[in-house]
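Chemist: need a 3D model of the sequence below.
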Amino acid sequence: MGLVDMQGKVTLVTGGARGIGRGIVTALAGAGASVAIADLRVDLAEQTASEVARNSGARVVALQTDVTDLVQVQETTELVLQTFGKIDALINNAGWDELKPFLQTTPDFWEKIIAINYRSVLNTCYAVLPHMVACQAGAVVSISSDAGRVGSMGEAVYAGTKAGIIAFSRTLAREHARHNIRFNVVCPGPTQPPLVEEMQRQEFGSRVLGRMEQYVPLRRLGRPEDIAPIVVFLASDAAGFITGQVISVSGGLTMVG
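Modeler: Just a heads-up that it's a prediction; the model follows:
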């Protein structure tokens, strides 16, 4: 057990099967939380759930969910409530990107990025918030990106969706403060989950990301375990007086005031 105690808490994590999401699931379970993983890759999610549960002793379940589909998200939310009786924290982690100059993208590409990265957050909040309002308590932590704070070469649409998450979260932090529901945002810098590895195999992605470590003051890319601790903290009661905040975890690459 770490410094943050999540015993008795129930958390819902989107995109928790791999990468940063898996790191978050692992850290939440290690802090004592029960975790529901909502992920389209159900086989991988079940494998993650089984391994994390075995290693931590926490209860971890996997639920196949297309987070771009509001009906599926609502069904998953109901399953979590039926299984655990409550949802104390929602972690919006699901995301997707592909590095391309904007003029080489298409409307179909825009729609995919907007649906996965932004509409999914609208869906989960719309589905989960009524329960949190009824309980007069809750925490929502959404994974944005430093691309949403300062822009990023080859990620125009992605950066726009991530900036949208920041504005959306700050607005809900104001709307739901009276319900004791907190909203905070974590912005990873370049991190080495499977998605970044896939982008680095593309020619344009390799040019943009290939030498990124040289520009990071701490001289390395991030790892999922670098992101997870701040997410767990913000989801916990230890962060009970923190809401509407945006925190970068970037090794110093971006130092935004």
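
Chemist: and D146, what does it touch?
Modeler: Residues counted as contacts of D146 (C-beta atoms under 8 Å, 6 or more residues apart in numbering) are 152, 187-189, 248, 250, 253-254, 256. For glycine as for every other residue, the C-beta is placed from the backbone atoms N, C-alpha and C.

Chemist: those in strands, which ones?
Modeler: When the contacts of D146 are checked against strands (DSSP state E), the matches are 187-188, 248.

Chemist: ranking by neighbours, what's the top pick from the residues you listed?
Modeler: Within the ones in strands among the contacts of D146, P188 tops the neighbour count with 26 neighbours, counted by other C-beta atoms under 10 Å.

Chemist: do you know how far that one is from A115?
Modeler: The spacing between P188 and A115, counted by C-beta to C-beta, to the nearest Å, is 21 Å.

Chemist: ok, now R170?
Modeler: Computed with C-beta to C-beta, the distance linking R170 and A115 is 22 Å.

Chemist: and if you look at I24?
Modeler: For I24, the distance to A115 equals 21 Å [C-beta to C-beta].

Chemist: which one of the two has more residues nearby?
Modeler: Set side by side, I24 and A115 show more neighbours around I24, with 31 against 18, by other C-beta under 10 Å.

Chemist: just the element for that one, please.
Modeler: Counting by DSSP states H and E, the secondary-structure element that holds I24 is helix 19-30.

Chemist: mind exporting the C-alpha coordinates of that helix to PDB?
Modeler: Taking only C-alpha atoms (Å, rounded to 0.1, in the frame of the first residue of the first chain), the coordinates of helix 19-30 have been written out as PDB:
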ATOM      1  CA  GLY A  19      -0.100   1.400 -22.000                       C
ATOM      2  CA  ILE A  20      -0.900   4.300 -19.700                       C
ATOM      3  CA  GLY A  21      -4.300   2.900 -19.000                       C
ATOM      4  CA  ARG A  22      -2.800  -0.400 -17.800                       C
ATOM      5  CA  GLY A  23      -0.400   1.600 -15.600                       C
ATOM      6  CA  ILE A  24      -3.300   3.500 -14.100                       C
ATOM      7  CA  VAL A  25      -5.200   0.300 -13.400                       C
ATOM      8  CA  THR A  26      -2.200  -1.300 -11.800                       C
ATOM      9  CA  ALA A  27      -1.600   1.700  -9.500                       C
ATOM     10  CA  LEU A  28      -5.300   2.000  -8.500                       C
ATOM     11  CA  ALA A  29      -5.500  -1.700  -7.600                       C
ATOM     12  CA  GLY A  30      -2.200  -1.400  -5.800                       C
END
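
Chemist: so after it, what's the next helix or strand?
Modeler: If you walk from helix 19-30 toward the C-terminus, the next helix or strand you reach (DSSP H and E) is strand 34-39.

Chemist: can you pull out the residues in contact with that following strand?
Modeler: By C-beta under 8 Å, 6+ apart, strand 34-39 touches 9-17, 21, 25, 28-29, 45, 48-49, 52, 58-65, 67, 73, 76, 79-80, 83-84, 94, 124.

Chemist: rerun that using 7 Å as the cut-off
Modeler: Applying C-beta atoms under 7 Å, 6 or more residues apart in numbering, the set of residues contacting strand 34-39 from outside is 10-17, 25, 28-29, 45, 48-49, 58-63, 65, 67, 76, 80, 84.

Chemist: and the helix holding I24 with strand 34-39, angle?
Modeler: Here the directions of helix 19-30 and strand 34-39 differ by 160 degrees (axes from the mean of the first three to the mean of the last three C-alpha atoms, to 10 degrees).

Chemist: avg pLDDT for helix 19-30?
Modeler: Along helix 19-30, the predicted confidence averages to a pLDDT of 97.

Chemist: and the contacts of it?
Modeler: With C-beta under 7 Å, 6+ apart as the criterion, helix 19-30 contacts 2, 6, 11, 13, 15-16, 35, 37, 48, 52, 56, 58, 60, 91, 93, 143, 188, 191, 193-195, 224-225, 227-229, 231-232.
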